[in-house]
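Trainee: got a predicted structure here, sequence first:
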Amino acid sequence: MSLCLAQPAPVKKTLAAVRAIQTPKIDGILTDEVWKDATVATDFIQNRPFPGKHESPGKRTEVRILYDDNAVYVAARMYDNPDSVAHEFVSRDDIGNADYLGIVFDTFSDGMNGNGFYVTAAGVQFDAKYSQTGGEDSAWNAVWESSVTRDDKGWTAEFKIPYSALRFSGKDIQQWGLNIVRMRQNANVQLMWNFVDPKVSGFINQSGIWQGLKGIKPRLRLSFSPFISTYVNHYPYNTAGVKNTTSSFNGGMDVKYGINQSFTLDMTLIPDFGQVQADNRILNLTPFEVKFDERRQFFTEGTELFSKGDLFYSKRIGSIPAYFRDISGELKTGETIVKTPTEGKVLNATKVSGRTAGGLGIGVLNAITNSMQSVVENEKGGKREIESQPLTNYNVLVLDQSLKNNSSVTLINTNVLREGADYDANVTAFLFNLNNKSNVYNLSGAAKMSYLSPMPAQSSQYGFNTELGFARQSGSWTWNYNLKVADDKFDPSDMGFFTNNNFVDQHFNLSYQDYKPGTWYNKWQSWTNVNYIRRYTASAYQSFNVNGGGYVQFKNFWSAEVDMDWQKESNDFYESRNASRVFKAGENYGVQLYINPNRTKAYNFGGNLGYRENKLFKGRAYDAYLFQNLRLNDQIALGLDLNYQPRYNYAGWVATQGTDIIFSRYDRQTVENSMDAKYSFSNKMGINFRVRHYWSDRRNKSFYLLNTDGSLVPYQGEALKGKDTDYNVFNIDLIYQWQFSPGSELSIAYKNAAESSESNYRKKYMRNIDAILSGPQNNSLSVKVLYYIDYHDLKKH
């Protein structure tokens, strides 16, 4: 490995800011006289597949930008062969197979934070927020105008970005970071106005400069989004006194208010998340929780500050609470629990976020969920309610100070307060992330402490976690070393996603990237990882793993990746579900092959194949995944995913009886099929359909007793019955969406959901499909109307 000395920073392109003498018409036709006054941004440079290559005259890009007291205006001409311009219609915030042009502003010129506004050649808008930690936050939405046209020279676009969509200072003369992004989809070419070197860490820090904005002042940023929704729900309870069909009518409002030039308040009052796509539920045989993606817009948009330190898992708020009260001790003789809520009703949620001119980022989030009741029934059919989840208040506070060289220090606190005698939780963390002047080397770390308040007859609990990392993050050769230590009391699970504590985890990565195309490839990468883990309290070896792989993108834009790994025999301190007992998991190794196609083709397919072997019981695992996409035209597209994962002679915990911890040797079949389809009437209206069936089982073949030394011996006790598992999930999501004006939307959703878990094993896959489709299913139909109201428009009227 050669020693790479720090290189001087490349010269940034500069574009002069020009004030508009009149407002251009946003129609995609670049004939307004005012555009002749604007300076032209041109000579774009490839980011991929040939980094550093300048655009050709016949495929050149010309962008003009103006501003006035109300907005920024953009006019862009993208020269191309008309037949080469891709323009698929998709939903807002999606790209599909389409060319696009994007404008990215770093309004405070800090090289760390930015906002991007993109439009495709089909007229579909996509916007995003950028940050050093959160990368691209595509959930961020703004209200702005755009229009496109296609002609014999290629295509054109016009934007109007009101200042209500941006945060910036009130200085008389300003300089903003600026970059312009163009994608030629069918050619797989991405270009930037200011070159973004893939070998250099970061995106916003490689922007150019928009220089000389004068006399602009931040406008009052205030908007309201009231909504109404109605639901009809049917589930065949077929129980006396319980309705099979119910209906509801809801109303609420989202409010966005610019507190000052730097900070924004977002509030959702009586939110409605009923149309959010269902989680991809699975059969989980591990001792750890499954992490699901957040799809509720309020908790995905503008949360980059709150995601620092990995202490905030937004689904804890209402969707997947960490705590439910054990009410078994409150049951009277003859009573049983007949209904237990698994979610909490979010009453309201508020977040304030922004960054001062001095680089101090501040984020505050507060949310309240209502108390939830379980229903118990006695032998005579009488029912009553017992509170199983108290009224809960969730809070996050983040202070993030930007430093030079795209560095930062951060203080985070998460807090959960529960009404009554139930425990409260608090986690505080200090983080630092330091880069050298050339942005090549990085030093990072964290110190975290968790606190759980005492419940009656219990004591409080303090825990800690520390992290330290060194990295070379830019250049062809990159590496990083990370050390993480947590004691056996550290527990951030009330507000964050959490699997386990009590570890000393050391990780080393070495990678090489070559972005210079060769005779048969566009780029290739290779990497090696080494991971060594010990237990912290009662120190003991836990695991040692080595893995490596390689990736190559070919000239036809297909790509292949190979991953291989080996893990030494390990001490698993979690599988037994008993902190004082260890399970000696066998040495294992595996290989995975991934194939990805050129997705610009109307029909494309790919997938992966994998194999793993475990020396304990000669366990074997196979993975086979195939996806297919078919684009019939620019309005209709279909997708199909098939996933098959058989497992043979696997070992795992199955039951605990007294002091006996019982494992089993089992086989498992998992089949997951999903299909999606979309029909787009226009760039503002479309229908999306998705259906998913998941089946997984566990067939126990023999049972074993876990010895105190971690080994397994045949179980001699009474035969265990009912420990096989047959699990099915079936979901349909059908959604019609119409953006009838900027920021306003009508949506109609039909959802079907069915779930079953049984101890009798159905051997045939089609039997499982028949069982889940013929069983009870929850069907719901909903209509929701959201209307965007801007304060300035309201004031005019």
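Mentor: Cool, the structure landed.
Trainee: what segments of the protein are helices?
Mentor: 297-300, 765-774, 791-796 (DSSP state H).
Trainee: and the second one, which residues are buried?
Mentor: Going back to what we said before, that points to helix 765-774. 768-769, 771-772 (16 or more other CB atoms under 10 Å). (Glycine included, C-beta is placed from N, CA and C.)
Trainee: now for those residues, which pair is the farthest apart?
Mentor: Within the buried residues of helix 765-774, 769 and 771 form the most distant pair, 7.3 Å apart (CB to CB).
Trainee: tell me which stretches of the stretch 151-300 of the chain form strands.
Mentor: For the stretch 151-300 of the chain, strands defined by DSSP state E, counting those that start in this stretch occupy the ranges 154-162, 173-184, 189-192, 208-214, 222-234, 245-258, 263-269.
Trainee: the longest one - contacts with which helices or strands?
Mentor: To tie it back to what came earlier, the one meant is strand 245-258. strand 222-234, strand 263-269 (3 or more CB pairs under 8 Å, 6 or more residues apart in numbering; DSSP states H and E).
Trainee: for those strands, which one sits closest to residue 555?
Mentor: Once the helices and strands packed on strand 245-258 are compared by CB to CB, strand 263-269 is nearest, at 45.7 Å.
Trainee: could you check the angle the closest one makes with strand 245-258?
Mentor: With axes from the mean of the first three to the mean of the last three CA atoms, to 10 degrees as the basis, strand 263-269 and strand 245-258 are set at 160 degrees to each other.
Trainee: in its sheet, what does strand 263-269 sit against?
Mentor: strand 245-258 (antiparallel), strand 346-355 (antiparallel) (DSSP bridges).
Trainee: count of neighbours near residue 337?
Mentor: For residue 337, the neighbour count with other CB atoms under 10 Å is 14.
Trainee: repeat that for the one 5 residues further on.
Mentor: Residues lying near residue 342 (other CB under 10 Å) number 10.
Trainee: that one and residue 499, how far apart?
Mentor: Separation of residue 342 from residue 499 (CB to CB, to the nearest Å): 20 Å.
Trainee: now do residue 125
Mentor: Distance from residue 125 to residue 499, counting by CB to CB: 38 Å.
Trainee: quick one, which of those two is more surrounded?
Mentor: Of the pair residue 125 and residue 499, residue 125 is the one with more neighbours under other CB under 10 Å, namely 23 against 11.
Trainee: got a list of what that one touches?
Mentor: Neighbouring residues of residue 125 by CB atoms under 8 Å, 6 or more residues apart in numbering: 92-93, 117-119, 144, 146.
Trainee: if you rank those by neighbours, which is first?
Mentor: Going by other CB under 10 Å, residue 119 tops the contacts of residue 125 with 28 neighbours.
Trainee: closest to the centroid, which residue in the chain?
Mentor: residue 293 (5.7 Å; CA atoms, centre = their mean).
Trainee: which residues touch that residue?
Mentor: Contacts for residue 293 (CB under 8 Å, 6+ apart) come out as residue 279.
Trainee: so what pLDDT did it get?
Mentor: At residue 293, the pLDDT value in this model is 90.
Trainee: list the buried residues of the lowest-mean-pLDDT helix or strand in the chain.
Mentor: In the chain, the helix or strand scored least confidently by mean pLDDT, DSSP states H and E is helix 791-796, which has a mean of 79. Using 16+ other CB under 10 Å as the test for burial, helix 791-796 gives residue 791.
Trainee: residue contacts, residue 28?
Mentor: For residue 28, the contacting residues are 147-149, 156-158, by CB under 8 Å, 6+ apart.
Trainee: for residue 134, give me the pLDDT.
Mentor: 59.
Trainee: scratch that, residue 299
Mentor: At residue 299, pLDDT is 89.
Trainee: from residue 416, how far out is the residue lying closest to it once chain neighbours are set aside?
Mentor: Closest residue to residue 299 apart from its sequence neighbours, by CB to CB, 6 or more residues apart in numbering: residue 314 at 3.8 Å. Distance, residue 314 to residue 416, by CB to CB: 13 Å.
Trainee: and if you look at residue 159?
Mentor: Counting by CB to CB - residue 159 and residue 416 are separated by 42 Å.
Trainee: returning to what we had before: out of the strands of the stretch 151-300 of the chain, flag the one nearest residue 644.
Mentor: The nearest among the strands of the stretch 151-300 of the chain, by CB to CB, is strand 222-234 at 33.0 Å.
Trainee: pull up the pairing partners for that closest one, direction included.
Mentor: As assigned by DSSP bridges, strand 222-234 forms pairs with strand 245-258 (antiparallel), strand 778-786 (antiparallel), strand 789-790 (antiparallel).
Trainee: what residues does the last one touch?
Mentor: Contacts to strand 789-790, defined as CB under 8 Å, 6+ apart, come from residues 143, 164, 222-226, 743.
Trainee: let me have the residues you listed in CSV, extended by pLDDT and neighbour count.
Mentor: Compiled in CSV, the contacts of strand 789-790 are given as follows (pLDDT from 0 to 100; neighbours: other CB atoms under 10 Å):
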residue, pLDDT, neighbour count
143, 92, 19
164, 89, 22
222, 91, 17
223, 92, 19
224, 93, 15
225, 94, 18
226, 95, 15
743, 91, 16
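Trainee: most widely separated two among the residues you listed?
Mentor: It's 164 and 226 that sit farthest apart of these, by CB to CB, at 17.8 Å.
Trainee: one step back: mind giving me a markdown table with the helices and strands packed on strand 245-258 and columns for distance to residue 185?
Mentor: What follows is the helices and strands packed on strand 245-258, written out as a markdown table (distance: least, CB to CB, whole Å):
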| stretch | distance to residue 185 |
| --- | --- |
| strand 222-234 | 32 |
| strand 263-269 | 33 |
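Trainee: out of the ones you listed, flag the one nearest residue 642.
Mentor: Comparing those by CB to CB, strand 222-234 comes nearest, at 30.6 Å.
Trainee: distance of residue 241 from residue 338?
Mentor: Residue 241 sits 12 Å away from residue 338, taking CB to CB as the criterion.
Trainee: between these two, which one's more packed in?
Mentor: Comparing residue 241 with residue 338 by other CB under 10 Å, the one with more neighbours is residue 338, at 12 against 7.
Trainee: pretty sure the more buried one sits against residue 373.
Mentor: No: if you go by CB atoms under 8 Å, residue 338 and residue 373 don't touch, sitting 11.8 Å apart.
Trainee: which non-adjacent residue is nearest residue 71?
Mentor: Residue 71 sits nearest to residue 162 (CB to CB, 6+ apart), 4.6 Å away.
Trainee: run a quick neighbour tally on the one you found.
Mentor: Neighbour tally, residue 162, other CB under 10 Å: 18.
Trainee: ok so, going back, among the strands paired with strand 263-269, which comes closest to residue 655?
Mentor: Counting by CB to CB, and looking across all of the strands paired with strand 263-269, nearest comes strand 346-355 at 36.7 Å.
Trainee: show me the contact partners of that closest one.
Mentor: 108, 110, 113, 167, 259-260, 262-271, 273, 298-299, 302-303, 305-306, 317-318, 361-370, 400, 402.
Trainee: kindly report the same for stretch 455-468.
Mentor: Contacts for stretch 455-468 (CB under 8 Å, 6+ apart): 421-423, 444-454, 482-492, 501.
Trainee: wait, what's in contact with residue 588?
Mentor: Taking CB under 8 Å, 6+ apart, one finds 566-567, 612-615, 619 in contact with residue 588.
Trainee: got any ranges where this structure has weak pLDDT?
Mentor: 1-9, 133-134, 457, 762 (pLDDT under 70).
Trainee: looking at it, which residue lies furthest from center?
Mentor: Largest centroid distance in the chain under CA atoms, centre = their mean is residue 380 at 48.1 Å.
Trainee: gap between the two ends of stretch 132-147?
Mentor: Taking CA to CA, to the nearest Å, the first and last residues of stretch 132-147 lie 31 Å apart.
Trainee: what are the buried residues along it?
Mentor: For stretch 132-147, by 16+ other CB under 10 Å, it's 132-134, 137-144, 146-147.
Trainee: ok, stretch 745-760 next?
Mentor: In stretch 745-760, counting by 16+ other CB under 10 Å, buried: 745, 747-749, 751-755.
Trainee: which residues touch residue 94?
Mentor: Per CB under 8 Å, 6+ apart, neighbours of residue 94: 124, 126.
Trainee: since that was my last question, I'll sign off now.
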